[in-house]
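Asks: Okay, sequence plus prediction incoming.
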Amino acid sequence: WFRQGSHLLRVNILPKELRQPDALPYSTRVESKESLTGKLSLDACWYRKVTDPKTGETDIEDEWPPKDAILDLCKNPDPRLPELDAVLTSPFFTTTRLVVEEGYHDDEKVLLVPVLVVPPDSINRHQIVKPAPEDVAEAVRFLRVELLGDFPLANEASCAHATGAMLVPMTRRIHHGSPTPLIAICAKMPGAGKTLLANSISMVATGRLTPPTTLSFGGAFNDAETRRTLNSVLSETPEVVLLDNIREHEPIDAPGFAAVLTTRSWSDRKVGTSTAPEVPVNCLWMLTANSPVFSPEVARRTLLITL
C-alpha cells in the first residue's frame with residue numbers, strides 16, 4: 001500500500017516470470033470502503049466477544065473488520081506509508097543518475113516495475129556518463145531515420161516533437177515532474193499512420209503499447225463526462241495517455257481537459273460522493289485526429305505532429 005495524494009493506493013505487482021512484453025506488469029486500485037474490507041477480511045481473522053444475556057457466558061464469533069476503522073483508513077492513510085508519485089515501467093533519469101533497479105525509490109517517490117528486466121551490472125547506476133559526440137549522432141540518426149524515417153512527417157518541427165515525446169517519461173524527474181504539452185498527431189485523412197506513430201512513441205518511452213482512452217469534448221455535459229474519465233484514468237497512475245481517433249473536425253474544447261494539461265495534480269469530485277481525492281499528474285498526453293479543431297485554451301498547451 002502507498003499514499004497517493006489524499007487516498008490509499010494498492011499496487012499489485014506481477015512476478016517477473018509472468019510478465020509479458022505488451023502487458024502492464026502491475027495493477028493499481030484506489031482503496032474504497034468495500035475493497036479494503038474484502039482485502040482485510042482475507043488477510044486477517046476478525047472476531048468479537050459476545051456474552052449470553054441469560055447465562056453470562058462469553059464466546060467468540062466471526063466478525064467483519066470494523067466499518068469505522070475501514071473508513072478512516074481510506075480517508076486518512078497512515079502517514080508512515082510511503083508516498084507514491086508515479087509508477088514507471090522503464091528506467092528513468094534523475095538530476096544525478098540513471099535508475100534501473102526495480103522497486104520503490106523514496107528519494108523520487110517512484111515505484112519502478114520494468115516490463116523487461118535490465119541487468120543491473122550493464123549500466124552505471126551511480127552517475128550519468130556524458131556520451132561521446134559520435135554516440136549522440138548515432139542515437140539521433142537511429143531515431144530520425146530508423147524509427148521515424150518511414151512516417152510522412154510534414155516538417156522538422158513534427159520530427160522534433162515526436163523525438164521529444166519519446167523522452168518525456170524517462171526524463172520527467174529531471175525537471176521535477178513539471179507539466180508537459182499535449183502531443184497532437186494530426187493528418188488530413190485516415191490511414192496516414194497516426195496511431196502507429198503514437199504506438200511507436202509509447203513503445204520507446206515505456207517498453208509497451210498504450211491502450212487508447214476515449215474522451216468526449218464540447219459542451220457542459222461532455223465536460224462533466226471528461227472529468228469523470230480523467231478521474232478514472234489518472235487513478236491508475238499511467239505513464240502515457242493516448243486519446244485515439246478523435247472524430248474529424250470535432251472541437252477539442254473541454255475546460256477540464258485544458259486544466260489537467262497544466263497541473264501537477266488533479267482533483268475532482270467522485271461520482272455519487274462529496275469527496276474529491278487528489279492524484280498526481282505524471283503522464284505524457286497524446287492525441288490522434290483528422291483535421292482537429294482546438295479551442296484557444298487547448299491550442300496553447302499543444303505541440304503538433306503533422307502527417
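Replies: Noted; the coordinates are in hand. Since the model is a prediction, treat every value here as computed from it, not as a measurement.

Asks: What ranges does the stretch 201-307 of the chain have for its helices?
Replies: 219-234, 255-260, 296-299 (DSSP state H, counting those that start in this stretch).

Asks: Surely residue 95 is in a strand?
Replies: No: according to DSSP: H, G, I helix; E, B strand; the rest coil, residue 95 belongs to no strand; its state is coil.

Asks: got the contact list for it?
Replies: Going by CB atoms under 8 Å, 6 or more residues apart in numbering, residue 95 touches 173-174. Backbone N, C-alpha and C define where each C-beta goes, glycine included.

Asks: what's the spacing between it and residue 174?
Replies: Per CB to CB, to the nearest Å, residue 95 is found 6 Å from residue 174.

Asks: swap in residue 41?
Replies: For residue 41, the distance to residue 174 - CB to CB - is 43 Å.

Asks: Check residue 259 too.
Replies: Counting by CB to CB, the gap from residue 259 to residue 174 is 24 Å.

Asks: One more: residue 51?
Replies: 63 Å.

Asks: More neighbours: which of the two?
Replies: Neighbours per residue (other CB atoms under 10 Å) separate residue 51 from residue 174, with residue 174 holding more: 15 against 10.

Asks: Any stretches of the stretch 101-250 of the chain with poor pLDDT?
Replies: 116-129, 216-223 (pLDDT under 70).

Asks: where do the strands sit along it?
Replies: 103-105, 110-112, 182-187, 212-213, 240-246 (DSSP state E, counting those that start in this stretch).

Asks: List the neighbouring strands of the second one plus their orientation.
Replies: The one in question is strand 110-112. Here strand 110-112 is paired, per DSSP bridges, with strand 86-88 (parallel), strand 103-105 (antiparallel).

Asks: Comparing these, which stretch has the densest surroundings?
Replies: Greatest average neighbour count among the strands paired with strand 110-112 goes to strand 86-88 (a mean of 23), per mean count of other CB atoms under 10 Å.

Asks: Now that strand: average pLDDT?
Replies: Average pLDDT, strand 86-88: 84.

Asks: Contacts for that strand, please.
Replies: With CB under 8 Å, 6+ apart, strand 86-88 has contacts from 11, 26, 28, 109-113, 169, 172, 177, 206, 237, 239, 280, 282.

Asks: Looking at these, state which has the most neighbours.
Replies: With neighbours taken as other CB under 10 Å, the top of these is residue 169, carrying 26 neighbours.

Asks: Residue 90 is in contact with that one, correct?
Replies: Yes: Residue 169 is in contact with residue 90 according to CB atoms under 8 Å; the separation is 6.8 Å.

Asks: how close does residue 19 sit to residue 25?
Replies: Note on residue 19: its distance to residue 25, by CB to CB, is 5 Å.

Asks: and for these two, which residues touch both?
Replies: What both residue 19 and residue 25 touch, as defined by CB under 8 Å, 6+ apart, is the set residue 115.

Asks: So between these two, which is more surrounded?
Replies: residue 25 (23 against 18).

Asks: residue contacts, the residue nearest in space to the middle of the chain?
Replies: Centre of the chain computed as the mean C-alpha position; nearest residue by CA atoms, centre = their mean is residue 238, 1.4 Å away. When contacts are counted by CB under 8 Å, 6+ apart, residue 238 touches 210, 283.

Asks: Would you check how far apart it and residue 230 are?
Replies: According to CB to CB, residue 238 and residue 230 sit 11 Å apart.

Asks: Equivalent analysis for residue 300, please.
Replies: Computed as CB to CB, the residue 300 to residue 230 distance reads 19 Å.

Asks: Same question for residue 260.
Replies: In this structure, residue 260 and residue 230 are 6 Å apart, going by CB to CB.

Asks: same deal with residue 62?
Replies: Residue 62 is 41 Å from residue 230, by CB to CB.

Asks: Which one's more surrounded, the two?
Replies: Neighbour count, other CB under 10 Å: between residue 62 and residue 230, residue 230 has more, with 22 against 9.

Asks: So the more buried one versus residue 241, what's the distance?
Replies: Separation of residue 230 from residue 241 (CB to CB) stands at 9 Å.

Asks: so how many other residues sit close to residue 198?
Replies: Neighbour count of residue 198, defined by other CB under 10 Å: 25.

Asks: What residues sit buried inside stretch 163-182?
Replies: Across stretch 163-182, burial judged by 16 or more other CB atoms under 10 Å covers 163, 165-170, 172-173, 177, 180-182.

Asks: Just the C-alpha atoms of it, please, in CSV.
Replies: Below are the C-alpha coordinates for stretch 163-182, written out as CSV (Å, rounded to 0.1, in the frame of the first residue of the first chain):
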residue,chain,number,x,y,z
THR,A,163,11.5,12.7,-30.8
GLY,A,164,10.9,14.8,-27.7
ALA,A,165,7.8,12.9,-26.8
MET,A,166,9.8,9.6,-26.6
LEU,A,167,12.0,11.2,-23.9
VAL,A,168,9.2,12.6,-21.6
PRO,A,169,8.5,9.6,-19.3
MET,A,170,12.2,8.8,-18.7
THR,A,171,13.3,12.4,-18.2
ARG,A,172,10.3,13.9,-16.3
ARG,A,173,12.1,13.5,-12.9
ILE,A,174,14.9,15.8,-14.1
HIS,A,175,12.5,18.8,-14.3
HIS,A,176,10.7,17.7,-11.1
GLY,A,177,7.6,16.5,-12.8
SER,A,178,6.6,19.8,-14.4
PRO,A,179,3.6,19.6,-16.8
THR,A,180,4.3,18.8,-20.5
PRO,A,181,2.2,19.8,-23.5
LEU,A,182,-0.3,17.6,-25.3
